[in-house]
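**Q** the amino acid sequence is not available; the structure is as follows:
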């Protein structure tokens, strides 16, 4: 019985090949779009996760916060609460922190051998290299001695080295001038690749913290402090310790607001992935609408089919088919159409994702659960949009249906 | 002899807005096993309504209808469908075969709707029925490769495949020329001779002449009931 219903369904679907193809196209595009959107969304989530992980390991970041005193909150530009001496104090007092580095950031014009380039100058401690997981392509990183002596040495990011010298390998030993101050290049970093927000991570020059602080910045504060915890499972304790130390050295009493804030890497990661998740959801919702439109196409063609086959329905009823048999027959036909569309849609999505990976920078992550969901959703669309036409067919009066020309 | 059809005081009233049309005004009829009955009447006489009620496609407004000992006038739609599958074989004026479907598949079609009993071998039964009507060499033909007379033979084979207690034919020769008509009627006589009960609606006297008994319907009542 069921077998012969499926047989009839396939026969009817194959009878109007062109119509079947066009009808199914709506579902193919719908299912394909949902899978592609989710794959692209998950792909960018993975990319962002990788980028954030490339910031370093077990990373804690200290930012200044405009503190309020007596209810008056200072503007954002008054974020001057982190001082150079904080770096040394943290280093001396901590037990759970592995590396500590202050950072001063400036944007300056850099000149080398007649070429010039505007880039970001970062004054940091030697620990910064390990905290942020930078690797050297050529030369060396500066050490604590260079920092203490405020020596005018610099390590170039891959992009900066490329822009100034054309070839990163010749940069070591060359002189550059940042504003008017001459520096000697002692190393070139390996490329980390472009980071999403904030631009190219490799477009940077790193120099000893004290050098940049005293010779270039002209400030009495530093921008932020980067710290790494001894291990991933000590992150929360390390953060608590760090906050304690900072409160003590900044003389913040209990009940007073902190003039700094500590972010840890996993917070940033979850914020960023939350963002991409919302984005993915939005995209797949829009793709879902196309699946809905495809379903309406199915309903339309099933209604046409019911009208066309009025006489067939009449004959079947006269021969003893119950309304339920007719309902099942049309419902199965519509489900078979949608499932066919779903399978083609999956194939279409796989092909598109393969193309995206191959010919664009995009990363796509196809997981089998979303394919399963999209596929069962297309079958559900078949049932949902096939039900009305099928029940219309089932309710036909056999006498009228037989008389239909 | 056992009654296949027993109809008592059957009425059928159609409501068309405020008008009520009395298609049948109290019909009594009994048909025995092995009879070959022709129902005649002019257009609008009520013979089609009577045929639809006999075929369980329609329900009487009032009255009693017993088919093979079973009350069917109070059955619901599904029960009526089951009765049509198991006890009634239809032959239509327009053949009503499924197009682009082979002869054998067409004949097999009713077997899938048989619920309360099973045929031992539906395919073999379908082939047997096709040989009974002389089309055993046309199993894989589709309807539009067959002549009108052959198509009607396929329809007859299909009507018989579920071993019905009655064969109902509604103007079975209406779309055929006189030679083919005569062939179909001879086939009906042969089937009847094998014990199959046949009720046939027609408006042609020479077709009705092939039957053993003629009933004339007029204005919703049986006007005459004669043995030929």
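**A** Good, I have the coordinates. The model shown is predicted, which means the values in this text are computed figures rather than measured ones. Residues are numbered from 1 along each chain as shown, chains lettered A, B, ... in the order given.

**Q** any chance of the backbone angles for residue A:80?
**A** Dihedral pair for residue A:80: phi -120, psi 20, per degrees, to the nearest 10.

**Q** residues contacting it?
**A** Shown here is residue A:80, whose contacts under the criterion CB atoms under 8 Å, 6 or more residues apart in numbering or on different chains are A:64, A:219-221. In short, each C-beta sits where N, CA and C put it, glycine included.

**Q** direction included, what does the helix or strand that contains residue A:205 pair against?
**A** Assigned by DSSP states H and E, residue A:205 belongs to strand A:204-208. Within its sheet, strand A:204-208 is paired with strand A:115-124 (parallel), strand A:153-156 (antiparallel), according to DSSP bridges.

**Q** ok so, going back, pull out the buried members of the contacts of residue A:80.
**A** Judged by neighbour count, with 16 or more other CB atoms under 10 Å in any protein chain shown as the criterion, the buried members of the contacts of residue A:80 are A:64, A:221.

**Q** nearest to residue B:180 among the contacts of residue A:80?
**A** residue A:64 (102.5 Å; CB to CB).

**Q** tell me what that closest one is bridged to.
**A** residue A:260.

**Q** quick check: the gap between it and chain B.
**A** Residue A:64 is 79 Å from chain B, where distance means CB to the nearest CB, to the nearest Å.

**Q** what sits against that residue?
**A** Applying CB under 8 Å, 6+ apart to residue A:64 gives the contacts A:79-82, A:221, A:223-224, A:259-260.

**Q** which of the residues you listed has the most neighbours?
**A** Looking at these with neighbours defined as other CB atoms under 10 Å in any protein chain shown, the largest count falls to residue A:82 at 24 neighbours.

**Q** for that residue, phi and psi?
**A** Dihedral pair for residue A:82: phi -90, psi 130, per degrees, to the nearest 10.

**Q** pick out the residue in the stretch 301-405 of chain A sitting closest to chain B.
**A** Taking CB to the nearest CB, chain B has its nearest neighbour within the stretch 301-405 of chain A at residue A:320, 2.3 Å off.

**Q** spatially nearest residue to that residue (excluding sequence neighbours)?
**A** For residue A:320, the nearest residue in space outside its immediate sequence neighbours is residue B:85; the separation is 2.3 Å by CB to CB, 6 or more residues apart in numbering or on different chains.

**Q** what's across from the residue nearest to the spatial centre of chain B in the sheet?
**A** Computing the C-alpha centroid of chain B and ranking residues by CA atoms, centre = their mean puts residue B:168 first, at 1.1 Å. According to DSSP bridges, the residues that bridge with residue B:168 are residue B:90, residue B:199.

**Q** quick check: it vs residue A:319, distance?
**A** Here residue B:168 is placed at a distance of 12 Å from residue A:319 (CB to CB, to the nearest Å).

**Q** touching both of these two, which residues are there?
**A** Residues touching both residue B:168 and residue A:319 by CB under 8 Å, 6+ apart: residue B:90.

**Q** could you pull out the strands for chain B?
**A** Taking DSSP state E as the criterion, chain B contains strands spanning B:3-16, B:19-32, B:36-40, B:62-67, B:70-71, B:88-91, B:166-170, B:198-201, B:213-218, B:221-227.

**Q** okay if I get those as a markdown table plus mean pLDDT?
**A** Below are these laid out as a markdown table (pLDDT from 0 to 100):
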| stretch | mean pLDDT |
| --- | --- |
| strand B:3-16 | 91 |
| strand B:19-32 | 92 |
| strand B:36-40 | 95 |
| strand B:62-67 | 94 |
| strand B:70-71 | 92 |
| strand B:88-91 | 95 |
| strand B:166-170 | 95 |
| strand B:198-201 | 95 |
| strand B:213-218 | 94 |
| strand B:221-227 | 93 |
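
**Q** any low-confidence regions in chain B?
**A** B:1 (pLDDT under 70).

**Q** in it, which spans are helices?
**A** Using DSSP state H, the helices found in chain B span residues B:47-54, B:77-87, B:103-108, B:122-132, B:148-160, B:178-193, B:205-208.

**Q** anything in the fourth one near chain A?
**A** Same thing as helix B:122-132. No - counting by CB under 8 Å from any CB of the partner chain, chain A is not contacted by helix B:122-132; separation bottoms out at 10.2 Å.

**Q** contacting residues around that helix?
**A** Applying CB under 8 Å, 6+ apart, the set of residues contacting helix B:122-132 is B:103-104, B:107-108, B:111, B:119, B:136, B:138-139, B:154, B:157-158, B:160-161, B:191.

**Q** can you narrow the residues you listed to ones near chain A?
**A** Among these, chain A is touched by residue B:158 when using CB under 8 Å from any CB.

**Q** got the angle for the helix or strand containing residue A:313 vs helix B:148-160?
**A** In this structure, residue A:313 sits in helix A:310-318 according to DSSP H and E. Helix A:310-318 and helix B:148-160 are oriented at 40 degrees to each other (axes from the mean of the first three to the mean of the last three CA atoms, to 10 degrees).
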